[in-house]
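>>> When you get a sec, could you give me coordinates for this:
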Amino acid sequence: MLRDRIVPILSALCYVPFASVVFCLVVLLRYPHSSFAVYHVRQGLALFFVWFFSLFLLSSSLFFGLIFWLVLFFFTFKTGFMALRGDKFAFPYLQNLAAFIPVEKIYSHLTGRAFPSSFIS
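Residues are numbered from 1 along each chain as shown. Alright, predicted model coming up:
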C-alpha cells in the first residue's frame, strides 16, 4: 500500500533542520489519524525550537555552539533515519518538550475541524 510507504518518508522529513515546520504541517494536515506521523510531527516541531535556540548559543560562543550543532546534527540525522525505517526513536531530552506541543489545537486552527477522535495522543 502506498500510504504505508509514504508516511515514514514524510515523517523523516519532519527532521530537516529549519524546514521542519513546513514538513510537520504538511504531515499533520495529511495524516492526523496516524499516531506514527503525529509522534514525529511533535518531535520535529520540538526540534525546530531547539535548532532555533542553537542559533543564540552559536552567536554567544562559537566553540560551544559548534559542538552543540554537531551533536544536534548527529541526533537529527539519526532520528530522521529511524523515522524513515518506520521506528519511533525518542530524541534524547526532547521527548519532554515534544509532549507540550498542542498538535491537536494546531490542526483544529488550520483546518477548522476537530482533531480526529480515532487518535488521542
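>>> Please give me every residue in contact with Ser108.
When contacts are counted by C-beta atoms under 8 Å, 6 or more residues apart in numbering, Ser108 touches Ala114, Phe115. (Each C-beta comes from the backbone N, C-alpha and C, glycine too.)
>>> Now it: which helix or strand?
helix 103-111 (DSSP states H and E).
>>> Buried residues, that helix. List them.
Val103, Glu104, Ile106, Tyr107 (16 or more other C-beta atoms under 10 Å).
>>> correct me, but the first one touches His40?
Read that as Val103. No - the pair Val103 / His40 is not scored as a contact, 10.6 Å apart, by C-beta atoms under 8 Å.
>>> what's the pLDDT at Ser34?
Model confidence at Ser34, given as pLDDT, is 89.
>>> Now it: phi and psi?
The phi and psi values for Ser34, taken as degrees, to the nearest 10, are phi -90, psi 120.
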